[in-house]
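Participant: Sequence first, predicted model second:
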Amino acid sequence: NGMQVLLASDPACDKAAAALCVGVGRLHEPKDIPGLAHFCEHMLFLGTEAFPDEAEYKRFLKGHGGKCNAATGESYTCYVFDVAPSHLTGA
């Protein structure tokens, strides 16, 4: 699928983190639906099977020393989070 992955590991770090950037942003929106890419970015944080409540994922990360964020650019959308290493699997 052409995915490129970069893995860096340092057991001395006090945070574990991940980022995912996809090659779709504002320039890929249909002209009649401006803001669609940014809307889709926010949809990711509305709940999942593991974190069904809208704010549950952020509470989980914050409760374990972490945070999450996302950004939509002209040709990409990126999602990032960090958390205490012992809770990476749950994140």
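Facilitator: Nice, thanks for sending it over. Numbers count the residues shown, from 1 in each chain.
Participant: per-residue confidence for K58?
Facilitator: pLDDT recorded at K58 is 94.
Participant: That one and S9, how far apart?
Facilitator: 26 Å (CB to CB, to the nearest Å). Any C-beta I mention is one placed from the backbone N, CA and C, and that applies to glycine too.
Participant: Could you grab the helix/strand/coil label for the residue in the chain sticking out farthest from the centre?
Facilitator: In the chain, the residue that sits farthest from the middle, by CA atoms, centre = their mean, is D32; the gap is 26.5 Å. Classification of D32 by DSSP: H, G, I helix; E, B strand; the rest coil places it in coil.
Participant: got a pLDDT number for it?
Facilitator: Taking D32 on its own, its pLDDT is 97.
Participant: just to revisit the earlier point, the more surrounded of K58 and S9?
Facilitator: K58 (17 against 6; other CB atoms under 10 Å).
Participant: Name the SS class of A17, please.
Facilitator: strand.
Participant: can you pull the contacts of the nearest residue to it once chain neighbours are set aside?
Facilitator: Distance criterion CB to CB, 6 or more residues apart in numbering; nearest residue to A17, sequence neighbours excluded, is D82 at 3.9 Å. By CB atoms under 8 Å, 6 or more residues apart in numbering, the contact set of D82 is K15, A16, A17, L61, G66, K67, C68.
Participant: For S75, see how far away E29 is.
Facilitator: E29 is 11 Å from S75, by CB to CB.
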